[in-house]
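Peer 1: turn this into a model:
(2 chains)
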Amino acid sequence: MSNSMPDVALSNEEIRRYSRHLIMPEVGMAGQRRLKQGSVLLIGTGGLGSPLALYLAAAGVGHLGLVDFDVVDESNLQRQIVHGSATVGMPKIESARRRLLDLNPFIEITTYEAQITSANALDLMRPYDVIVDGTDNFPTRYLTNDAAVMLGKPNVYGSIFRFEGQATVFSPRDGGPCYRCLYPEPPPPGLVPSCAEGGVLGVLPGVIGTIQATEAIKLLTGIGETLVGRLMLYDALAMRFRELKLRRNPQCPVCGDHPTVTELIDYEQFCGILPEVSTLNNQYEITPAELAAWLARDDRPFLLDVRNPHEVAIAAIPGTDKLIPVDQLPERLHELDSSLEMVVYCRSGARSGRAVELLKSAGFRKVKNLVGGVLRWSDDVDPSVAKY
Amino acid sequence: MISVRVRYFAGHRDIVGQAEQQMALEPGATVGDLWGLLVERHPRLAGYSGRLLFAVNQEFASPATTLHDGDEVAFIPPVSGGV
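Peer 2: Numbers count the residues shown, from 1 in each chain, chains lettered A, B, ... in the order given. This next block holds a predicted model:
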């Protein structure tokens, strides 16, 4: 990240490996040595993290840090291409480390099997030149942003949803905005669907993650024009890229002229996420086993599915009485009878939880959310119902 | 009346049921006026108020930005997905 010739050397083997870089004058020996001297912290080794890690390793970035606490699941492999069938069940950081060292044994990889938190974020990030955000939730997005601003490090941002993606480089030290300049306030919990709820085209994180990898390489080598101050929007269905010029907000609470947030805060609380409490005594919840027993009785409840119609073709709970997608519920309340006992379900229990809240606020008193949804129904009651 | 092209992204597309549309507005209408109109038509957009990016002709804009005939307005909600 400086213009002087880095003092690391390349072996003859490395020169052979990186020859397609070396013959381009924009990279050359100086650029490749900067990559080797450079370091990138990847927060998340999932959809975005997979292509990021693969291309940064292949490019010869000397030191990669991987932060993840998840294990590889079969349903990850539709898009998380750094992992494989042979590493299902393995911690993602270990699965990724093996693949990356096979791809390029000349780099160093440090793994952190941990969730990034306000307590460890600054220490995790401090040793690295560039931070790359490949996470999947708002609290971590804000945490990564704030910590990177406080440390004066560029944060290569990417996010994905269904067929659309966004990418930019947040780097106030280079005159650009930070994430909070764009979105000072997080959306209320439950408003913005995650990829687990809304789905994602498998190749989409490949496109966005590869843009992020490109930006990280440009930041390390100092070549080209980075995405600082520009938000790239990608629409896979229309196959269209759009660009939006961004401005730093001088009143930004983190990177503004007079910052009011000068140390890391509680990001779960900031995003309105309440600590999980055991709520099974809650009269508005029911377990799959309890529901199965109830459905077998004469006083069985009305069973409402709030998923999208195409999900019914994947799996459904036998005996479902009605389907109303949660997004249509506010306009279709009149189709439901509030005098009936009712159980509401979805894939995981998240959407149906929102539906139950909505029904309660509309005066429904005999509604219950199926905890864990179809997924837990399959685990606890009927394994012939597919999990997806 | 003026006519503007409105583009929607991510979760907004589900709520309004389309990716873009042409809208007629009173002369002098602002980005904030347009958003208010859309929230009236699609109440489920309300949760995004104050939590989205505005762009006019691919430049960062604010609710106070005045719209002109032929402008392209984009409403960009936050997206958190990454894995």
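Peer 1: need the contact list for residue 48.
Peer 2: Unless you meant another one, I'm taking chain A. For A:Leu48, the contact set (Cβ atoms under 8 Å, 6 or more residues apart in numbering or on different chains) comprises A:Gly134, A:Gly158, A:Ile160, A:Pro205, A:Ile208, A:Gly209, A:Gln212, B:Gly82, B:Val83. C-beta here means a position set from N, CA and C on the backbone, and glycine is covered the same way.
Peer 1: wrong one, I was asking about chain B
Peer 2: Contacts of B:Tyr48 (Cβ under 8 Å, 6+ apart): A:Pro187, A:Leu191, B:Gly11, B:His12, B:Phe75, B:Pro77.
Peer 1: now do the nearest residue in space to the second one that is not next to it in sequence, the pLDDT please.
Peer 2: Computed as Cβ to Cβ, 6 or more residues apart in numbering or on different chains, the closest residue to A:Leu191 that is not its neighbour in sequence is B:Gly47, at 4.5 Å. Note for B:Gly47: predicted pLDDT of 89.
Peer 1: check contacts around B:Gly47.
Peer 2: A:Pro187, A:Pro188, A:Leu191.
Peer 1: try B:Arg5
Peer 2: Counting by Cβ under 8 Å, 6+ apart, B:Arg5 makes contact with B:Glu20, B:Gln21, B:Gln22, B:Met23, B:Gly70, B:Asp71, B:Glu72, B:Val73.
Peer 1: out of those, which is most surrounded?
Peer 2: Most neighbours among the contacts of B:Arg5, by other Cβ atoms under 10 Å in any protein chain shown: B:Val73, with 23 neighbours.
Peer 1: what's across from that one in the sheet?
Peer 2: B:Val73 has these beta-bridge partners by DSSP bridges: B:Val6, B:Val56.
Peer 1: test my guess that it contacts B:Leu34.
Peer 2: Yes: here B:Val73 reaches B:Leu34: they are 6.2 Å apart, a contact under Cβ atoms under 8 Å.
Peer 1: now do the shared contacts for those two.
Peer 2: Jointly contacting B:Val73 and B:Leu34 under the rule Cβ under 8 Å, 6+ apart are B:Val4, B:Val6, B:Leu67.
Peer 1: for A:Arg126, see how far away the last one is.
Peer 2: Counting by Cβ to Cβ, to the nearest Å, the gap between B:Leu67 and A:Arg126 amounts to 46 Å.
Peer 1: just the closest residue of chain A to chain B, please.
Peer 2: Of all residues in chain A, the one sitting closest to chain B is A:Gly46 (3.0 Å; Cβ to the nearest Cβ).
Peer 1: ok, residue 53 - how many residues close by?
Peer 2: Just going to use chain A. For A:Ala53, the count of nearby residues is 30 (other Cβ under 10 Å).
Peer 1: not what I meant, chain B
Peer 2: Applying other Cβ under 10 Å, we find 18 residues neighbouring B:Leu53.
Peer 1: now the strands: where do they sit in the chain?
Peer 2: Just so you know, I chose chain A. Secondary structure of chain A (DSSP state E): strands at A:39-43, A:63-67, A:108-112, A:130-133, A:155-161, A:164-170, A:230-235, A:240-245, A:285-286, A:302-305, A:322-323, A:342-345, A:367-370.
Peer 1: the chain in question should be chain B.
Peer 2: Here chain B has its strands, by DSSP E, at B:2-8, B:20-25, B:53-56, B:59-61, B:72-76.
Peer 1: let's have those in a markdown table, adding mean pLDDT.
Peer 2: Below are the strands of chain B laid out as a markdown table (pLDDT from 0 to 100):
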| stretch | mean pLDDT |
| --- | --- |
| strand B:2-8 | 96 |
| strand B:20-25 | 96 |
| strand B:53-56 | 94 |
| strand B:59-61 | 91 |
| strand B:72-76 | 96 |
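Peer 1: mind putting those in CSV, distance to A:Leu66 included?
Peer 2: Output for those, formatted as CSV (distance: least, Cβ to Cβ, whole Å):
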stretch, distance to A:Leu66
strand B:2-8, 35
strand B:20-25, 39
strand B:53-56, 30
strand B:59-61, 34
strand B:72-76, 30
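Peer 1: and those: which comes nearest A:Asp174?
Peer 2: Relative to A:Asp174, the nearest member of these by Cβ to Cβ is strand B:59-61, separated by 17.1 Å.
Peer 1: just how off-centre is that closest one within its chain?
Peer 2: Centre-to-centre, strand B:59-61 and its host chain are 12 Å apart (Cα atoms, centre = their mean, to the nearest Å).
Peer 1: which residues outside it are in contact with it?
Peer 2: A:Leu244, A:Lys245, A:Leu246, A:Arg247, B:Val31, B:Leu53, B:Phe54, B:Ala55, B:Val73.
Peer 1: mind checking the backbone torsions on the fourth one?
Peer 2: The one in question is A:Arg247. Torsion angles at A:Arg247 (phi, psi; degrees, to the nearest 10) stand at phi -130, psi 140.
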